[in-house]
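[1] only geometry, no sequence info:
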């Protein structure tokens, strides 16, 4: 049994907890938190909640799964803990991945641990789909569509507007764009042509809704480049209709072969009831691969590209060939 | 540059030839044939056609890609040549994979070569999709649909009927079945409920079409378990409308996470203008991985499950992390 620790008990930490509970070869040893452990009730019976500081005293873990945020937590957290444990994270700030990889690689090698960064579905499973497509059809045009699903970063951005009590933002692929890409047309698409954004907002009593709407649709980086619709709803409607965190999307690659340009379209798509539970499930599968590598004294940083699919499952080569090939 | 040889110059061999021509790190050294080399014109200028027997004298190859059939060629061919070269094949008789793997593994180890069996899209890319889904969502229900596309085995079976001059058989997924699976319903589906079969047949003048149709739709294993439609067409229509070898299909996996059973649907789908050119492209990508392993003195038999995605492309880890993650 691989001994697993979880650091951070937000939505993602809970998703990992649920996935580890289903793994026949893993045992959740503890959830670690930077908050007061006494104030944190977790779902798993008989699993202790311990302070993050305990991790510095050498806990008995095969893999520590880091469930912090990419903006400020993981850039510090992953190198720090990769010196002490084999780790998995979901770092998703694309532009900073090379730097993060280098930091984690150095720390993991120094600590003789194995580390996997940028795991989940994008980056993660979508990255795999982009790479497999490029391997098979070199020079293929690859498009990534997200949604229909809740973007937590965009929902948070709306919540910071004055007079907003709560908000939920859905990212939605434009159906015509999806169709053209699926047909192998390789269209040039602007940001606006690929996705629309739909916002559900609970405004404070007496707040100026016209101003809130204008602030949303004109917000640079987040909304200004998109066609955005805003719906004002009651807090009751928010709780009733928008409490989930569904998400998904598609990676579509179109490429040609031969001298007469035969066309091929590859699509990988996800339709997820719970973004954090699915992401947690991906992290858990890759934690198994990292546990195996660590057990074989392999050290350093890796990404999903470096892991053979057989490493992800608790099955022998014979079983895999007989049942999945 | 990896030195590649192709054994067998049917549709698949031509597909591999086209893919190798696009690979910046590969060079096609020769096409080997069991026929008379003098009678075989290949598309690549300046590439020699050599007799298969030349392979026994130690050709200078990094990988030999075996483009024979699974029924009788590959069970003998792959172990035989795995003693002499690193090889890749597309063996697709699912029930005999364990035995084939064992034979090839022993031969490759004896010859200190690397060998990859059962590569292509099914088995191959579809197998990967089944395994990744099981890794993320243990116990997921996975369905494989084939088509719309030409089944060469079924087309051949019709051609063997008396009075048939030519035939083309399309395998077609049943739309309602696809929809139910995509909706995550996990339906129980019989063979008949998953696919239909559509046949285009050129009959000899004066042949008894009613008898031909009856022989087709009642043919055991091939058609009896399906709803099959038969269209009689002219040889001219056959050449005009059915000269391609399109294919494709979908692997759809539905699984649940958490205590309240949040549902997730993963779909990997292919829409291929040319089955052999796409299959040849997959074999070529995996040949690169086998060439790298052989260069690192790794020997034995492998499947697509054992290959990390990064091994499939002529790019560094830095490039991959920067552009595909």
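    Nice, I can see it. The structure presented is a predicted model; accordingly, all values stated were derived computationally and were not measured. Numbering: from 1, shown residues only, chains lettered A, B, ... in the order given.

[2] alpha carbons only for contacts and neighbour counts from here, please
    Will do.

[3] So which bits of the stretch 151-300 of chain A are right by chain B?
    Residues of the stretch 151-300 of chain A that fall close to chain B, judged by CA under 8 Å from any CA of the partner chain: A:257-259, A:262-274, A:277-278, A:281-282, A:284-285.

[4] Among the residues you listed, which are located in helices?
    Residues of these located in helices (DSSP state H): A:277, A:278, A:281, A:282, A:284, A:285.

[5] In contact with the first one: list those residues for me.
    When the contact criterion is CA atoms under 8 Å, 6 or more residues apart in numbering or on different chains, the partners of residue A:277 are A:11, A:12, A:14, A:15, A:16, A:18, A:19, B:257, B:258.

[6] so which of those residues is the most crowded?
    Greatest neighbour count in the contacts of residue A:277, by other CA atoms under 10 Å in any protein chain shown, goes to residue A:16: 28 neighbours.

[7] Dump the ones in helices among the residues of the stretch 151-300 of chain A next to chain B into JSON lines; add pLDDT and distance to residue B:299 as well.
    As requested, these are arranged in JSON lines below (pLDDT from 0 to 100; distance: CA to CA, whole Å):
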{"residue": "A:277", "pLDDT": "98", "distance to residue B:299": "39"}
{"residue": "A:278", "pLDDT": "98", "distance to residue B:299": "36"}
{"residue": "A:281", "pLDDT": "98", "distance to residue B:299": "33"}
{"residue": "A:282", "pLDDT": "98", "distance to residue B:299": "31"}
{"residue": "A:284", "pLDDT": "98", "distance to residue B:299": "30"}
{"residue": "A:285", "pLDDT": "98", "distance to residue B:299": "27"}
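
[8] Looking at the residues you listed, which is nearest residue B:32?
    Closest approach between those and residue B:32, by CA to CA: residue A:285, at 42.6 Å.

[9] my read: residue A:123 touches residue A:89, true?
    No: using CA atoms under 8 Å, residue A:123 is not in contact with residue A:89, being 10.9 Å away.

[10] Compare these two and say which is more crowded by neighbours.
    Between residue A:123 and residue A:89, counting by other CA under 10 Å, residue A:89 is the more crowded of the two (25 against 20).

[11] list the contacts for the more buried one?
    By CA under 8 Å, 6+ apart, the contact list for residue A:89 reads A:65, A:66, A:67, A:74, A:78, A:116, A:117, A:118, A:119, A:283.

[12] Now the third one: phi and psi?
    Here the main-chain torsion angles of residue A:67 (degrees, to the nearest 10) amount to phi -110, psi 50.

[13] and it, what pLDDT?
    Residue A:67 carries a pLDDT value of 98.

[14] Looking at the contacts of residue A:277, which are in strands?
    Counting by DSSP state E, the part of the contacts of residue A:277 found in strands is residue B:257.

[15] Can I get the contacts of residue A:277 in JSON lines including distance to residue A:48?
    Converted to JSON lines, the contacts of residue A:277 look like this (distance: CA to CA, whole Å):
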{"residue": "A:11", "distance to residue A:48": "18"}
{"residue": "A:12", "distance to residue A:48": "18"}
{"residue": "A:14", "distance to residue A:48": "14"}
{"residue": "A:15", "distance to residue A:48": "17"}
{"residue": "A:16", "distance to residue A:48": "16"}
{"residue": "A:18", "distance to residue A:48": "15"}
{"residue": "A:19", "distance to residue A:48": "17"}
{"residue": "B:257", "distance to residue A:48": "22"}
{"residue": "B:258", "distance to residue A:48": "20"}
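
[16] and which of the contacts of residue A:277 is nearest residue A:209?
    Closest to residue A:209 out of the contacts of residue A:277 is residue A:11 (30.4 Å), distances taken as CA to CA.

[17] roughly how far apart are the closest residue to that closest one other than its chain neighbours and chain B?
    Leaving aside its sequence neighbours, residue A:11 sits nearest to residue A:276 (CA to CA, 6 or more residues apart in numbering or on different chains; 5.8 Å). Counting by CA to the nearest CA, to the nearest Å, the separation of residue A:276 from chain B is 10 Å.

[18] What about residue A:276, how many residues nearby?
    With other CA under 10 Å as criterion, residue A:276 counts 21.

[19] and what of residue A:186?
    Here the count is done by other CA under 10 Å, and residue A:186 has 17 residues near it.

[20] quick one: pLDDT of it?
    For residue A:186, the pLDDT comes out at 95.

[21] which residues touch it?
    Applying CA under 8 Å, 6+ apart to residue A:186 gives the contacts A:141, A:180, A:254.

[22] can you check residue A:58 too?
    When contacts are counted by CA under 8 Å, 6+ apart, residue A:58 touches residue A:84.

[23] roughly how far apart are it and residue A:1?
    19 Å (CA to CA, to the nearest Å).

[24] Then residue A:304?
    For residue A:304, the distance to residue A:1 equals 23 Å [CA to CA].

[25] same check, this time on residue A:166
    According to CA to CA, residue A:166 stands 43 Å off from residue A:1.

[26] Please consider this matter closed, and thank you.
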